[in-house]
Each structure stands twice: as C-alpha cells, then as structure tokens.
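# Give me a model of this one.
(2 chains)
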Amino acid sequence: MHFRRTMLTRSLTRVALAGAALLTGAAIPAQAWEPTKQVTFIIPAGTGGGADQMARFIQGVVGKHNLMKQPVVVINKAGGAGAEGFLEVKKSKGDAHQIIITLSNLFTTPLATGVPFNWKDMTPVAMLALDQFVLWVNSDTPYKTAKDYIEAVKAGDDKKFKMGGTGSKQEDQIITVALESVTGGKKFTYVPFAGGGAVAVQLVGKHVDSTVNNPIEAVAQWRAGALRPLCIFDDQRSTYTAKVTDAMAWSDIPTCKESGVDVDYQMLRGIFMPAGVTKEQVAFYVELFKKVRETPDWKEFMEKGAFNNTFMTGDDYAKWVEAAEKRHHGLMKSAGFLAAGK
Amino acid sequence: MEEVASLMQGFGIALTPYNLALMFVGIVLGVIIGVLPGLGGANGVAILLPLTFTMPPTSAIIMLSCIYWGALFGGAITSILFNIPGEPWSVATTFDGHPMARNGRADEALTAAFTSSFVGALVAVIVITFLAPVIARFALQFGPAEFFSVFFLTFASFVGMGRGSAVKTIAAMALGFALAAVGMDGVTGQLRMTFGYDQLLNGFDFLIAVIGLFGIGEILSSMESGLKFQGSHAKLRLRIVLTTWKKLLAYWTTSVRSCLIGCWMGITPGGATPASFMSYGLAKRISPRGANFGKGEIEGVVAPETAAHAAGTSALLPMLTLGIPGSPTAAVLLGGLLIWGLQPGPLLFVEQKDFVWGLIASMYLGNIVGLIVVLTCVPFFAAILRVPFSIIAPVILVICAIGAYTVNNNMFDVWMMLVFGVAGYVFNKLHYPLAPLVLAIVLGDKAEESFRQSMLLSQGNLSIFWANPLVATIMSLGVLMLLWPLVSALRARSARSRSATAA
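Modelled structure (predicted):
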C-alpha cells in the first residue's frame, strides 16, 4: 500500500510541476508527448502465465534502465478469458496512459464467447515478438519425429491420443484441430488445463500423450530429458543456435512442415492502447518499446523462450493483425468454435 | 549427509547482513499484506517483483519468500480478531480462532496460530531439505483424476461438520457450487451464468465472498448485539506466550497429523486451502473435544494453521523442481525465477546449488525471524480489540472495501461484498452454516474442472477414479469419510435401541 501511495504522490507532484511549467510558459516541444501520470499496463490473463511474465519483465526493464519518467503499474484483468481486460481498454477511449499486452485471446475470446470487442476497438502500437509452439511427447515414447507420431495417431483408435493444452477454444486447441487435418480423420482427445506449466508436467507424468507447449513452458523438462520436441509450428526453424540440451539447440528442432505436417502457428505478443489517442502518443510508446528491445535483458529473455523476435509497428502491424484475425476466424470456423452470430 | 553440508553452505549464503535485513523487511511487509484482505500474498509479491530485478537472485527470492511467510502469518491476525480471513487458507482458522477472541482469549488464539504456523513450516522445510528429489517425483503421478480425488476427500472430510441440519449444510454447499460456476468455464471455453453482464465475467471471487460473508456479516451482527466487541475485555497478558505453549504440547497428535496432511497437500500440489479445511475436518472428527469445535477450541486453531503452513511451504518444492506452482503466490515467484534467469525444473538443484540451498536456508531463518516478529506483537494485535467499536468498525469497513476493490480493481466487487455481507447476516439468523458455502466457492470450480478433465481422459468412464492404487486409496478414504456420519449415527441408534430393549 505504502508503495502505491508514494507513487501516487510522486505522480501528483509531477502533474503539478507540469502544470506550473505550462503556466510559466516554459518551452515544451509541440510534438513530443510524454505520460504525465503513471501508466497502467493491463494483462488480459492471470498471474504467472506467459503474457504476465513478459509484462512484468517489461515493467522491470523500464524501471531498471530508467526508460520512462513515470512509473508503470501492471494489473491483471483475466476474467472471461481476458475479455475483462480488453473491455476495459475499449471503455477507456482516448486514455493514453493505458496499454495492454495481447495473446491470441485477442482473437479467440470474442470469436468463441461473443463478448463484444475487437482489435479495431483499440489502437495497435507494436508487435514485440511472436511466441512459438512446439509439438512435445514424453521421451519414454518411441516417437522420434512428428511423422512417427502422426502415423501412430492415424493407426490408433479415434480419440485414443490425448492432447493436453492451455485453455479451451484457444491457441492450443486450435493447433490441435489443425493437426487433425493430417491424421486421416482420427481426432485427438483435447484436455484443457489452467496453465502451460501444468500442461508440461501432465505430459511428464504421462497423463496425456502430447502437448503443443510454448518453448518456455517445457524447456526445463526437455533439458532434464523428460520431454522430446518433435517439430516447431513455424515456416522456418528457430534462429537460436546455442545448445539447450547436451545434443540440441532450438534451431535443431525441425519445422512441422519439413516433417510432413503442414501446420504453422505463432502467437502474437503485442501492445495495444485505447482508441482515440493521438499519433504523438502512439509514437511515444513505439519509441519506448524500441528502447526496451535494445536492452541486453530483452535479448536474453527472447533467447530463453525461443521467441521469434519480430518487431512491427504502424500499418505493417495493423495489417498483420488483420490477417491474423481472418486466419483465426477461418481456423475456428472449421473447428466449430465460433459463438452464435460470429 | 550431503544435504547437511549443502544446507550449511546455504546458511553461509543467506546469513549476510544484507540478506538478513531483506528478510526482516520482507516479513514485515508480508504481515501487512496478509492483514489487508484482498491484497494477498500473490498480489503483494507481484507488485514488489519488479523491484527485485536489480538484486542478486538469491537475495531477491529471500525477500520475496519472506513476504510470502509474512503473509502466511499475517492472514491469521484478521481471521482471529475480526473474523475476516485475509487469505483462502485462513478461513478454517476463523471457525475457532474468532470465537476464542470473542471469549477474551485473542492473545491465546494468536499465539497458538503463530506457533502452529511455525511448526508446520519448519516440518515442511525439513522435509524439503532431506527428501526433495524423492518427493518431487511423486507429484508427477498427479493427473486430473488424482486431483479430483483430493478435492473429493476435502469435501467429504468436511461434510457433517456443521452442527445445524444436514439439509441446510447441503443447501449452503449447493449455493456455493452455483456461485463458483459463474464466469468462464475452463473446459468448454464458454461463459456461464453471466446473463450478459460484463461484471460477472470474472465470476465470484472467493475473497469478495469471504470478506462480505464473514467480515461485514460479523459487523452487522455486532451492531445488533450492542455496538461493541465481545472480546473487548481481553487483558494484555505478556506471559501468555509461555502459558499457551504449555497448552499446545498437549495437542501434539493434532500437530503431527496436520503436518502430514499439509506436507502431502503442498507437494502433490493440492495446495494450502484444501489442506487447512481437511485438517480442521479431521481434527474435529478425531479429537475427543470435537463437539466443542466452533465454540473456541484451541485445537481448532492448531489444526488448520499447521496444515496450511506445512502446505504453503512445501508447495515451493514442486515449483522449484517441476515448475508447477502449488499456490498463486508460488506462481508469481515462478515468474520471478524466469526473469532472474533461473529455469525452475529438475536441473535447478544441480545447476543452481547456491540459489536453491540459499533459499532453503532462508526458509529456516525467515520463519524464525517471522515467529519472533509476530509473537512480540501479540499483545499489540490483541489490544486492537480494546479500541471502541464505534472507531474500529468503520475502519474495518473501509479496509474491507479497499480489499474487495483491490482483488480485481473493480468497483462492482465492493457492491458484491456488501451484498454478501447482508447474505452472511441472514444466513447467521436462519442458522445456515457459512463454512460449506465458502468451501464450495473456493474449491468448487477446481473440483469441477478436474472431474471433467478426468471424464474427457476416460471417455466418460467413472472407473478412472479407481484406476491405480494412489487414486483408489484417496477416493476410498473420501467415500469412507462421507459415510462416517451415517455409520456413526446408525451405530448410535442401534446402541440406543439395544439399551432400550435391555431396559
């Protein structure tokens, strides 16, 4: 509590100082906008997950390297698979002191539940990275390649193979359904769990047969020899060539396509802010995240999680998001996940 | 004894003046966080996490885990004094802790709670020290069916606890299940019972319900009975710590049993909340004074507190070795580990020896520091009850409102808290028990989720709950617990009829 109070007083003083500066006619450049109070960073997911980790990491980096004069306050608004957080941003039209980090629920939640929000209700700021997905099996199983595994699924009974994943009708299940296009009509039994870490442990404990965990969720078990990566759902291999286990680097994992399983999927880790903000305000955050990405801390973070370190802003980013939304609509439509009227 | 050598090395790492100072700061912050309902350990640690990025990882985790210990200790204070549990696992502490405070024995209850917490945590740390690698593997056996069996056992060991009618208990529990179902359904990804209201997206948070049902309900009842606290004649007895300790020795069986339940639940990882409820339920069944539970029995404070802390502490083990958090706070700490560049997992004990053993050593030290800090404050905490009701009641109301708001930063929750407060008052008047309602809100959705995951895995076949010795044992225990009241009632009846025919 004390912590928050000091921040509040600090920001009040800042506002007062800014006001005084205006009154005395001090030169403030017309274009450079800067936050005048603390910035709220919303996470549309629970504490401890991938988005939460990234947002808190960014908060730490901004503080450590003094990238912004005002403090960043991180808030989790996870209700309704993130709908709560997105609705908050939609409501805060014109508020330039609010940003939100997204995961795939930016697309999946409105499509699956019908809760009324869309990325167009917000202003795209920047794509920070793309999170990868990897097909994992327990290393005690005989499957050495994605092809081996898919052949086994084809040969087995319908719904015999269990796929563990995070959440329902979200990215993990979408990938699972996409995989079913190459299994000759055989379906997986998809079992949803609350978090990625739990999913990885369920696979180690052999309660499920495979997962599509993000690299960071399963890397510890991979290094310990409990899990085996079969393929990465990207059109090219990872660029990280440092050895993760004794024998393999991220770059040694074949793409699913080259293993004969033509499925690719990445998850957006991007930043949005409310609608109705000025160009200068967006520019400030773009610059801020550019600075964040230049820190050595960020580079280390990217490598640890084997992220696809792509950065996009402006029209490029908006176009990417638009295409991604169409893609999700198509994937979810064919999977039968769409809410009525979507 | 390789472990002892490593531990000694760990003490060497943890025992620097800088780290000791951080421990002290962490404990004090933690107690404050634990006292404020709604803020909670997870939120507290999350808020302070970014501050630690500039520290060495070992110092950072020492401070954050001390906040966690402090919050565990602090949660008991408001539960006992004002019937407001600051953390889910403190709910069971209110059942006897608060009646003790009303009887003027607040200091005794607080001492019992703090001491039990310490004992539970200490036993759990010893278990972690010597058995970590062996036990870590055990957690892997827990799939959805095993999780469901644990929740089932918790509910079963709790049924028949209320003194009121069984129908009322079931009604309260059913209402709890219904409230727990509101919001996102994790298995189908659909919204349930939100009726188009955005505010209901999040469902009913346990903390909002508890702050209202217990805290506000209690204040309403106090207002009715004469605008003063019934525990206001509490004396400030400085020697109370020693006399209470003497009494606690008599309950060593309860302590041992609660430690076992707690360690087991923390490692599996069922969590501290089921541990505290299960331990309380069992103590009530087994204790010769079981009938007095709920009226201010010191054993009823010992059981849940010991188990909650044993579980809370041992929950760090699956976090470190498997990367699965046993509690929400552990989940945040887990995020911290990743940010400090440490990879939790099976290799952590091999690759980061200094960090792991420094942390384990700090668990010993942190809990000792914590016990000293909170015990010296017992008379002051108890003295709060001597402040006139007209001053303290509004303060509690404000703290409750802030707490309810902080949970999700949502004003709607504050109104919900008031609604729950009125409901709590009405429940009391009509003699509906609150405990089953709260238990169902806390564990209802988790139990439902693991049940449905099991059904998905087995394609709808119930035999999955008896598929291996582990899950079969837990389920059978649960069924036994569930039928116990029935069996004992039948036995009592047949005994009565026999004595009647004999007469």
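
# Which residues lie in contact with the nearest residue to residue A:267 once chain neighbours are set aside in this structure?
Spatial nearest neighbour of residue A:267, excluding adjacent residues (Cβ to Cβ, 6 or more residues apart in numbering or on different chains): residue A:131 at 4.2 Å. Using the backbone N, CA and C atoms, a C-beta is placed for each residue, glycine as well. Counting by Cβ atoms under 8 Å, 6 or more residues apart in numbering or on different chains, residue A:131 touches A:50, A:103, A:214, A:266-269, A:305, A:307-308.

# Among those, which ones are in strands?
Those of these mapping onto strands are A:267-269, per DSSP state E.

# Neighbour count added to the residues you listed, as a markdown table?
Output for the ones in strands among the contacts of residue A:131, formatted as a markdown table (neighbours: other Cβ atoms under 10 Å in any protein chain shown):
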| residue | neighbour count |
| --- | --- |
| A:267 | 26 |
| A:268 | 24 |
| A:269 | 22 |
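
# Among these, which one sits closest to chain B?
residue A:269 (14.6 Å; Cβ to the nearest Cβ).

# got the contact list for the residue lying closest to residue A:237 once chain neighbours are set aside?
Spatial nearest neighbour of residue A:237, excluding adjacent residues (Cβ to Cβ, 6+ apart): residue A:251 at 5.2 Å. Residue A:251 makes contact with A:237-241, according to Cβ under 8 Å, 6+ apart.

# Any of those residues buried? List them.
Among the contacts of residue A:251, the ones that count as buried by 16 or more other Cβ atoms under 10 Å in any protein chain shown are A:237-238, A:240.

# Go ahead and flag the most central residue of chain B.
Nearest residue to the geometric centre of chain B (Cα atoms, centre = their mean): residue B:89, 1.4 Å.

# Give me the below-cutoff pLDDT ranges for the chain.
Went with chain A since none was named. Scanning chain A for pLDDT under 70 picks out the ranges A:1-31, A:47-48.

# if you could check chain B rather than the one you did, that'd help
For chain B (pLDDT under 70), the answer is B:1, B:37-41, B:136, B:160-164, B:227-238, B:324-328, B:499-503.

# In this structure residue B:413 contacts residue B:208, no?
Yes: counting by Cβ atoms under 8 Å, residue B:208 is a contact partner of residue B:413 at 5.0 Å.

# With neighbour numbers in mind, choose between those two.
residue B:208 (29 against 25; other Cβ atoms under 10 Å in any protein chain shown).

# Now residue A:273, what are its backbone angles?
Taking degrees, to the nearest 10, you get phi -140, psi 170 for the backbone angles of residue A:273.

# Same question for stretch B:284-303: list its buried residues.
Buried, per 16+ other Cβ under 10 Å, within stretch B:284-303: B:284-285, B:287, B:290, B:293-294, B:296-303.

# coming back round to it: which among the contacts of residue A:131 gets closest to chain B?
When the contacts of residue A:131 are compared against chain B (criterion: Cβ to the nearest Cβ), the nearest one is residue A:305, at 8.3 Å.

# what's the burial count for that closest one?
Neighbours of residue A:305 using other Cβ under 10 Å come to 22.

# what helix or strand does the residue in chain B that chain A sits nearest to sit in?
Using Cβ to the nearest Cβ, the closest approach of chain B to chain A is made by residue B:345 at 2.5 Å. Secondary structure assignment for residue B:345, by DSSP states H and E: no helix or strand.

# doesn't residue A:225 make contact with it?
No: counting by Cβ under 8 Å, residue A:225 is not a contact partner of residue B:345; they are 10.8 Å apart.

# ok, the spatially closest residue to residue B:11 that is not a sequence neighbour - how many residues close by?
Excluding the flanking residues, the one nearest residue B:11 by Cβ to Cβ, 6+ apart is residue B:361, at 4.5 Å. Close neighbours of residue B:361, defined as other Cβ under 10 Å, add up to 25.

# Quick check: the gap between residue B:361 and residue B:64.
15 Å (Cβ to Cβ, to the nearest Å).

# circling back: of residue B:345 and residue A:225, which one has the most company?
It is residue B:345, of residue B:345 and residue A:225, that has more neighbours when counted by other Cβ under 10 Å, with 24 against 13.

# buried sites along stretch B:392-402?
Buried positions in stretch B:392-402, judged by neighbour count with 16+ other Cβ under 10 Å: B:392-393, B:396-397, B:399-401.

# quick one: that stretch to chain centroid distance?
22 Å (Cα atoms, centre = their mean, to the nearest Å).

# quick check, nearest of the buried ones among the contacts of residue A:251 to chain B?
residue A:240 (14.6 Å).

# who are the neighbours in contact with the closest one?
Residue A:240 neighbours (Cβ under 8 Å, 6+ apart): A:249-251, A:303, A:306.

# These in helices, which ones?
Counted as lying in helices by DSSP state H, out of the contacts of residue A:240, are residue A:303.

# The contacts of residue A:240: which two are farthest apart?
For the contacts of residue A:240, with distances taken as Cβ to Cβ, the pair at the greatest spread is A:251 and A:303 (11.3 Å).

# where do the strands sit along the stretch 101-250 of chain A?
Counting by DSSP state E, counting those that start in this stretch, one finds strands in the stretch 101-250 of chain A at the ranges A:122-131, A:134-138, A:162-166, A:189-193, A:210-211, A:227-232.

# is the shortest one up against chain B anywhere?
Yep, that's strand A:210-211 we're talking about. No: Strand A:210-211 does not reach chain B (Cβ under 8 Å from any Cβ of the partner chain); its nearest approach is 13.5 Å.

# To which secondary structure element is residue A:329 assigned?
Judged by DSSP H and E, residue A:329 forms part of helix A:314-335.

# Please identify the buried residues of that helix?
A:317, A:320-321, A:324-325, A:328, A:331-332, A:335.

# Over to stretch B:332-351?
So, applying 16+ other Cβ under 10 Å, buried residues of stretch B:332-351: B:332-340, B:342-346, B:348-349.

# Ok, stretch A:195-209 next?
Neighbour count says stretch A:195-209 has A:195-205, A:207-209 buried, by 16+ other Cβ under 10 Å.

# can you give me the end-to-end distance of that stretch?
17 Å (Cα to Cα, to the nearest Å).

# if I look at the residue nearest to residue A:267, how far off is chain B?
14 Å (Cβ to the nearest Cβ, to the nearest Å).

# Can you classify the residue nearest to residue B:11 as helix, strand or coil?
Judged by DSSP: H, G, I helix; E, B strand; the rest coil, the three-state class of residue B:361 is helix.

# Could you double-check that it lies in contact with residue B:4?
No: taking contacts as Cβ under 8 Å, residue B:361 lies outside contact range of residue B:4: 11.5 Å.

# wouldn't residue B:221 be in contact with residue B:425 here?
Yes: in this structure, residue B:221 is within contact of residue B:425 by Cβ under 8 Å, at 6.3 Å.

# neighbour count winner among those two?
Neighbour totals were compared for residue B:221 and residue B:425, and residue B:425 leads with 20 against 14 (other Cβ under 10 Å).

# Contacts only, for that one.
So residue B:425 contacts B:216-217, B:220-221 (Cβ under 8 Å, 6+ apart).

# Might you enumerate the residues of the stretch 1-150 of chain B proximal to chain A?
Counting by Cβ under 8 Å from any Cβ, the stretch 1-150 of chain B comes close to chain A at B:32, B:36, B:39, B:42, B:46-51, B:53-54, B:139-144.

# just to revisit the earlier point, kindly indicate which of the buried residues of stretch B:332-351 lies nearest residue A:295.
residue B:339 (12.8 Å).

# Could you find the closest non-adjacent residue to that closest one?
residue A:57 (5.1 Å).

# Can you name the residues in contact with the helix or strand that neighbour falls within?
Element membership for residue A:57, per DSSP H and E: helix A:50-64. With contact meaning Cβ under 8 Å, 6+ apart, helix A:50-64 is reached by A:41, A:43-46, A:67-68, A:71-72, A:74, A:76, A:101-103, A:128, A:131, A:196, A:214, A:216-217, A:269, A:288-289, A:292, A:295, A:297-298, A:301, A:305, B:46, B:49-51, B:53-54, B:335, B:338-339.

# Appreciated, that's everything.
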